[in-house]
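Colleague: My questions are about this predicted structure, shown below with the sequence.
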Amino acid sequence: MTAYERRRLSRELSALANASVASALQHDEARNQACAIVGITGPPGVGKSTLIGSVALSRLRSTMAIVAIDPSSPLSGGAILGDRIRMVDLSEEPRIFIRSLATRASRDGMADNIPLILNRLASAGFGEILLESTGVGQVEYGIRAMVDTMVLVISPGAGDQIQAMKSGIVEIPDIFVVNKADLPGAIDLANEMRAIIRLREKSRRSWTPPVLLTSTEDKSTLTELNAAIDAHHKLVLSEGNRDVRARAWQIQLITSLIARRTAEALNTCDAEDFTLPVSKLYAKVAAAISATGDGSAPTRLRREHDG
Ligand SMILES: Nc1nc2c(ncn2[C@@H]2O[C@H](COP(=O)(O)OP(=O)(O)OP(=O)(O)O)[C@@H](O)[C@H]2O)c(=O)[nH]1
Ligand SMILES: [Mg+2]
């Protein structure tokens, strides 16, 4: 990919990221399943970016795109994430395209038309896409629908967030990684995760999520992670569940578009509207949304006394 092509793609992705619901609906092609999308998620600071840097280099076969979703304030604008990935010198590798996106409105990782951005990258012919997202809870559900393989990274000492996550998140990832295996507590944490997963194992038929230990200190730990990603992706393909994935994608996308339209419609309400009974306010907002079925921004809600 030439520098010119990179800049052009980057501009296109910015336009997509900023697209309104109406323009997002112009890009309504189905999920592009041409390349594997691997989601790497977990609490802040567990080492996701560092790990992605090493994983990217070690599993680079043709070309690769790395998208980092930065949930931090618009002030940092995703720059910090990008820099962290570049720390491991991926910028020197012409076959890797890196893009960070600062999320704005949504807490479920689905803001900024990320599904459309992933689709655009898949259509651009990248061999694989790695998606970094930081978060616990809601974020994972949104990401789950967008990726083929989901890797959850935790590390010793990430404390309360891991505690909170262990209760709810265990059913979502395909692969668990305890990173910073060089730090004390890593093995205990991995064993704890394994015990929790075992309790739920019965509900999973074809795949038991492995719990792997990784560390930047020891590159051989990446081999195991790469093998697990490959094995899972092979299973995803062999299960012939393209339709299932396409459906999950559609559901997630439509849910996020409607949520954004709801927010737009609510923005046009005035103080008086909010004194209405919920059923009436609901009817108004629902009418505003369906009145503009093409996704264009809703006009001001009709007031009770207007007609
Ligand atoms: N000891 C140790 N430190 C690590 C390891 N991997 C990453 N770190 C350090 O952990 C810190 C956070 O690393 P990042 O890769 O930025 O973590 P992140 O999960 O991407 O962080 P956010 O994007 O802010 O959520 C950095 O200081 C890294 O040098 C590891 O295997 N062992
Ligand atoms: Mg990071």
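Modeller: Ah, there it is. Numbering: from 1, shown residues only. Ligands and ions are numbered 1, 2, ... in the order given.
Colleague: so is A287 in a helix, a strand, or just coil?
Modeller: helix (DSSP: H, G, I helix; E, B strand; the rest coil).
Colleague: Please read the previous query as pertaining to L183.
Modeller: Per three-state DSSP, L183 ends up coil.
Colleague: Might one say that it is in contact with P156?
Modeller: Yes: with contact defined as C-beta atoms under 8 Å, L183 counts as touching P156 (5.0 Å). Backbone N, C-alpha and C define where each C-beta goes, glycine included.
Colleague: higher neighbour count, the two?
Modeller: Per other C-beta atoms under 10 Å, whichever of L183 and P156 has more neighbours is P156, with 20 against 14.
Colleague: Distance-wise, check the residue of the chain found nearest ligand 2 relative to S133.
Modeller: The minimum distance from the chain to ligand 2, using C-beta to the ion, falls at S49 (3.2 Å). Relative to S133, S49 is positioned 11 Å away (C-beta to C-beta, to the nearest Å).
Colleague: overlap in contacts of these two?
Modeller: A68 (C-beta atoms under 8 Å, 6 or more residues apart in numbering).
Colleague: Which parts of this structure are helices?
Modeller: 3-17, 21-24, 48-58, 79-87, 114-123, 138-144, 160-168, 186-200, 220-238, 242-267, 278-291 (DSSP state H).
Colleague: tell me the contacts of P210?
Modeller: Taking C-beta under 8 Å, 6+ apart, one finds 175-176, 228 in contact with P210.
Colleague: for the stretch 51-200 of the chain, which spans come out with low pLDDT?
Modeller: Scanning the stretch 51-200 of the chain for pLDDT under 70 picks out 70-89, 103-112, 136-139, 159-171.
Colleague: mind redoing it with 80?
Modeller: Scanning the stretch 51-200 of the chain for pLDDT under 80 picks out 70-92, 101-112, 135-142, 157-171, 199-200.
Colleague: hmm, back to that, who wins for neighbours among the contacts of P210?
Modeller: Busiest of those [other C-beta under 10 Å] is F176, holding 24 neighbours.
Colleague: Thought L189 was touching that residue, still the case?
Modeller: No: at 9.9 Å, F176 does not count as touching L189 under the criterion of C-beta under 8 Å.
Colleague: list the residues that contact both of the two?
Modeller: Going by C-beta under 8 Å, 6+ apart, residues that sit against F176 and also against L189 are I154.
Colleague: Up against ligand 1, what does the stretch 201-307 of the chain have?
Modeller: With C-beta under 6 Å from any ligand atom as the criterion, the stretch 201-307 of the chain comes near ligand 1 at residues 215-216.
Colleague: In the stretch 201-307 of the chain, where is pLDDT below threshold?
Modeller: In the stretch 201-307 of the chain, residues with pLDDT under 80: 201-206, 239-242, 291-307.
Colleague: ok, for A124, nearest residue in space, not its chain neighbours?
Modeller: Nearest residue to A124, sequence neighbours excluded (C-beta to C-beta, 6 or more residues apart in numbering): L9, at 6.1 Å.
Colleague: so what's the one you found up against?
Modeller: Counting by C-beta under 8 Å, 6+ apart, L9 has contacts 1, 97, 120, 124.
Colleague: Which of these fall in strands?
Modeller: F97 (DSSP state E).
Colleague: do you know how far Y282 is from ligand 1?
Modeller: 37 Å (C-beta to the nearest ligand atom, to the nearest Å).
Colleague: shift numbering so it begins at 46
Modeller: Sure, I'll start counting at 46 from here, so that last one is Y327.
Colleague: which ones are touching P201?
Modeller: 223, 225, 228-231, 233-234.
Colleague: rewinding a little: how deep is the residue of the chain closest to ligand 2 tucked in, by neighbour count?
Modeller: 23.
Colleague: Thought V112 was touching it, still the case?
Modeller: No: using C-beta under 8 Å, S94 is not in contact with V112; the gap is 12.0 Å.
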